[in-house]
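Trainee: with the input below, show me the fold.
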Amino acid sequence: MIRIAFCFLWLFSTFAPVYAADSPTAVVEKLHGALLQSMKGGAKMGFAGRKALLDPVVREAYDLPAMARVATGSIWAKLSDDEKKAVADAFTDWTVATYASQFKAFDGETFTTKREVDAARGRKSVETTLNPKGEEPVVLNYQLREDGGAWKIIDVYLDGSVSQLAIRRNEFAGVLGKGGVPALIESMKANAASLAKQG
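Mentor: Residues are numbered from 1 along each chain as shown. Here you go, the predicted model:
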């Protein structure tokens with residue numbers, strides 16, 4: 001069950017050692033802290049409360065517009081500025097809604113930050129594990145890129161190899177092939193609305 005849930009967004013945490021405020025590891029740890037709060041708040045906070053908690057943290061931690069661009073594929077270059085903004089906005093709202101929906105219960109999970117290492121093209125990789133109660137640890141590696149002096153998450157690898165962004169791109173390709181950009185935007189909005197209704 002744990003692995004199925006994290007095929008969408010896979011991030012939990014415990015508080016790890018203190019790192020420099022602007023370091024890649026600090027970005028991941030701040031996100032982890034908010035996710036843990038959301039889990040412990042659970043049903044008492046409700047979907048709206050969890051989303052309000054997570055929204056600013058997720059937006060700060062991730063380069064969501066860049067992820068939306070990559071996930072949309074080559075068609076992105078053909079979009080108008082308004083269309084690009086609509087896609088990025090829908091992608092962001094859906095991402096936050098997914099977190100608020102998935103991270104709503106706590107059952108003793110713990111998380112370990114293992115190390116921060118250099119990655120290709122000047123990026124950094126923050127290697128962590130999710131330690132579910134009574135289950136094998138799940139490797140979650142965050143890829144971050146520096147943008148304007150700030151480190152931003154641009155991808156997460158489940159089990160160290162399964163790219164969240166690649167999964168999104170495959171999903172989006174199917175929707176775009178059937179109905180184009182309007183269908184993609186509506187699909188993301190519908191998914192976010194459905195998650196809100198589930199509570």
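Trainee: which secondary structure elements does the host helix or strand of Pro56 contact?
Mentor: Pro56 is part of helix 24-61 when elements are defined by DSSP states H and E. Contacts defined by 3 or more Cβ pairs under 8 Å, 6 or more residues apart in numbering; DSSP states H and E place helix 24-61 against helix 81-102, strand 110-118, strand 124-131, strand 138-147, strand 150-158, helix 164-198. Heads up, the C-betas are built off the backbone N, CA and C, glycines and all.
Trainee: can I get the ones you listed in TSV with distance to Ala68?
Mentor: Listed next are the helices and strands packed on helix 24-61 as TSV, based on distance: least, Cβ to Cβ, whole Å:
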stretch	distance to Ala68
helix 81-102	4
strand 110-118	26
strand 124-131	21
strand 138-147	14
strand 150-158	11
helix 164-198	9
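Trainee: hmm, who's touching the helix or strand that the helix holding Pro56 is followed by?
Mentor: Downstream of helix 24-61, the first helix or strand assigned by DSSP H and E is helix 64-72. Residues from elsewhere that reach helix 64-72 (Cβ atoms under 8 Å, 6 or more residues apart in numbering): 58, 76, 79, 84, 87-88, 91-92, 95, 145, 147, 152, 154-155, 165, 168-169, 171-172, 176, 184.
Trainee: for PyMOL, what selects the buried ones among the residues you listed?
Mentor: Of the contacts of helix 64-72, the buried ones go into a single PyMOL selection, burial set by 16 or more other Cβ atoms under 10 Å:
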select buried, resi 58+76+84+87+88+91+92+95+145+152+154+155+165+168+172+176+184
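Trainee: flag the shaky bits of the protein, pLDDT-wise.
Mentor: 1-21 (pLDDT under 70).
Trainee: next, count neighbours for Pro65.
Mentor: 17 (other Cβ atoms under 10 Å).
Trainee: ok, Ser38 next?
Mentor: Look at Ser38: counted by other Cβ under 10 Å, it has 24 neighbours.
Trainee: got a list of what it touches?
Mentor: Here Ser38 is in contact with 45, 50, 53-54, 99-100, 103-104 (criterion: Cβ under 8 Å, 6+ apart).
Trainee: please redo it, this time with the cut-off set to 10 Å
Mentor: Going by Cβ atoms under 10 Å, 6 or more residues apart in numbering, Ser38 touches 12, 45, 49-51, 53-54, 57, 99-100, 102-106.
Trainee: just the buried members of the residues you listed?
Mentor: In the contacts of Ser38, the ones that pass as buried (16+ other Cβ under 10 Å) are 12, 45, 50-51, 53-54, 57, 99-100, 102-104.
Trainee: please tell me how far the helix holding Pro56 is from the chain's geometric centre.
Mentor: 11 Å (Cα atoms, centre = their mean, to the nearest Å).
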